[in-house]
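S.K.: Sequence first, then the predicted structure, then my questions.
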Amino acid sequence: MHRDLSGRKVLRAIAILNNGTVYVAGDDGIIMKGTVNAACSGFAWIQEISNTTKNLNAIAAGGPDDIIAVGDNGAATYFNGSVWSP
């Protein structure tokens, strides 16, 4: 696992949907979803359950129900709009 100098997990990839929703992926299978908050003054971030603990190095989105993240040793997880599945 890679950590930045502060010891936090490294985020390695980003995908932005047309509606402004942002997904980032990185170490230990972390996937974060960012959405514009109600006041349009910033992002609200939540951690998704990716169902993998392997490092994720790339993420691509065809839409809000068509997202895939891939990483080390053939790791892959797919989001169908409801859940992430290996």
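M.R.: Happy to help now that I have it.

S.K.: Could you list the residues in contact with the helix or strand of the chain with the lowest mean pLDDT?
M.R.: Within the chain, confidence by mean pLDDT, DSSP states H and E is lowest for strand 43-48 among all helices and strands, at a mean of 89. Contact with strand 43-48 is made by Val22, Tyr23, Ile30, Ile31, Met32, Lys33, Gly34, Thr35, Val36, Asn37, Phe79, Trp84, as judged by C-beta atoms under 8 Å, 6 or more residues apart in numbering. To be clear about C-beta, it is placed using only N, CA and C from the backbone, and glycine gets the same treatment.

S.K.: Stretch 19-35 now?
M.R.: The set of residues external to stretch 19-35 that reach it, using C-beta under 8 Å, 6+ apart, is 1-3, 9-17, 36, 43-48, 50-59, 61, 64, 67, 69, 71, 75, 77, 84.

S.K.: So which residue is smack in the middle of this protein?
M.R.: Ile31 (3.0 Å; C-alpha atoms, centre = their mean).

S.K.: Can you tell me the number of residues neighbouring Ile67?
M.R.: As a burial measure, Ile67 scores 24 neighbours (other C-beta atoms under 10 Å).

S.K.: and it, what element?
M.R.: Assessed by DSSP states H and E, Ile67 sits inside strand 66-71.

S.K.: strands paired with that strand, and their directions?
M.R.: strand 56-63 (antiparallel), strand 76-79 (antiparallel) (DSSP bridges).

S.K.: In PDB, list the C-alpha atoms belonging to the first one.
M.R.: C-alpha atoms of strand 56-63 as PDB (Å, rounded to 0.1, in the frame of the first residue of the first chain):
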ATOM      1  CA  LEU A  56      -7.400   0.900  -7.800                       C
ATOM      2  CA  ASN A  57      -5.500   2.800 -10.500                       C
ATOM      3  CA  ALA A  58      -8.200   3.800 -13.000                       C
ATOM      4  CA  ILE A  59     -11.900   4.600 -13.100                       C
ATOM      5  CA  ALA A  60     -14.200   5.200 -16.000                       C
ATOM      6  CA  ALA A  61     -17.900   6.200 -16.100                       C
ATOM      7  CA  GLY A  62     -20.300   5.800 -19.000                       C
ATOM      8  CA  GLY A  63     -23.100   7.100 -16.800                       C
END
